[in-house]
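K.L.:
Structural data only, the sequence is not supplied:
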């Protein structure tokens, strides 16, 4: 069988310096997923470090119809301010183009999203236009594998309005990997003791919702789409997107809290298997608001995080 040729980024971007790509329009997602499927890269870094890799789109813009569909699928009320996690979705094609380029030495299939930190320096209008930039460099070893931090920022005028750090885990293959991963993720992050009178919001999720989000977010990771493809990557059935879960939790926070400078931090504790019923809890803490997403039946914690109001510029 002949080996398929893996396309590089050259038809879609110009390389302005080693490992730095400049796009004149948003890259298409299909070539990125094709590169994942035909890639012969290892699923972890075999030696050395990842060099700094960067991709820039100077004129990113928000689509009114796309934003409306995002709000609908994530259960976010209408507002004149962009949802805090929306720019992650806007940047998805740019991030994928970078992570599937020949310059990134790891195949991202099977990456596990473990935590995120979003900083909103300026609340952005729904029709915001600006520069999107995403980059990655190096890695950190963890007990379960290797962690890669993907950085993204949105520049609005002369200001860096929004930044994001997403940490992804390339898991080592070992017995009892999933139970070990769950144990470590449950211990990760700061403690936000949940009071008994926390405000709760209950809802149902299923694979149809996951597929709707996949089309809007451009996140077609097989672990979210069908039970069969999820089992191929080590899960017993399909699981919900972590960034959908974060968006749903953020949509339950006080609107006024998200219309100012703020930091949103989240730790993904355990996957939400589909279908299931979930409950979002939120409560006040000294620095802002804390939140948790739990299974409605057994109260298993899927994610925990906090919104604080001391975001640095």
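P.N.:
Looks like it arrived, so ask away. Everything numeric here is computed off the predicted structure, so don't read it as measured data.
K.L.:
State the distance from the residue sitting nearest the centre point of the chain to residue 272.
P.N.:
Centroid-nearest residue in the chain: residue 243, 4.8 Å away (criterion: Cα atoms, centre = their mean). Taking Cβ to Cβ, to the nearest Å as the measure, residue 243 falls 12 Å from residue 272. No exception for glycine: its C-beta is placed from N, CA and C like everyone else's.
K.L.:
quick revisit: which SSE is the residue nearest to the centre of the chain in?
P.N.:
Assigned by DSSP states H and E, residue 243 belongs to helix 242-251.
K.L.:
where does residue 229 land in three-state SS?
P.N.:
Applying DSSP: H, G, I helix; E, B strand; the rest coil to residue 229 yields a three-state assignment of helix.
K.L.:
For burial, what's the neighbour tally of it?
P.N.:
15 (other Cβ atoms under 10 Å).
K.L.:
Let me know the distance separating it from residue 38.
P.N.:
In this view, residue 229 and residue 38 are 17 Å apart by Cβ to Cβ.
K.L.:
What of residue 260?
P.N.:
In terms of Cβ to Cβ, residue 260 sits 46 Å off from residue 38.
K.L.:
Residue 60 too?
P.N.:
Residue 60 is 28 Å from residue 38, by Cβ to Cβ.
K.L.:
Please enumerate the strands of the stretch 51-200 of the chain.
P.N.:
53-61, 112-120, 129-136, 140-142, 145-156, 159-171, 199-205 (DSSP state E, counting those that start in this stretch).
K.L.:
CSV for these, including distance to residue 94 and mean pLDDT?
P.N.:
Listed next are those as CSV, based on distance: least, Cβ to Cβ, whole Å; pLDDT from 0 to 100:
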stretch, distance to residue 94, mean pLDDT
strand 53-61, 5, 97
strand 112-120, 16, 95
strand 129-136, 5, 97
strand 140-142, 23, 90
strand 145-156, 8, 96
strand 159-171, 12, 95
strand 199-205, 27, 95
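K.L.:
what's the closest of those to residue 21?
P.N.:
strand 53-61 (4.5 Å; Cβ to Cβ).
K.L.:
And the closest one, what's buried?
P.N.:
Neighbour-count burial for strand 53-61, with 16 or more other Cβ atoms under 10 Å as criterion, is recorded at 53-57, 60.
K.L.:
cool, and stretch 26-46?
P.N.:
26-27, 29, 31-33, 35-36, 39, 41, 43-45.
K.L.:
go on, stretch 235-255?
P.N.:
Those would be 235, 238-253, for stretch 235-255 by 16+ other Cβ under 10 Å.
K.L.:
Relative to the whole chain's centre, how far out is it?
P.N.:
Distance of stretch 235-255 from its chain centroid, counting by Cα atoms, centre = their mean, to the nearest Å, is 10 Å.
K.L.:
For it, measure first residue to last.
P.N.:
This stretch, stretch 235-255, spans 35 Å end to end (Cα to Cα, to the nearest Å).
K.L.:
about what we covered before: wait, isn't the residue nearest to the centre of the chain in contact with residue 90?
P.N.:
No. Residue 243 is beyond contact range of residue 90, at 11.9 Å (criterion: Cβ atoms under 8 Å).
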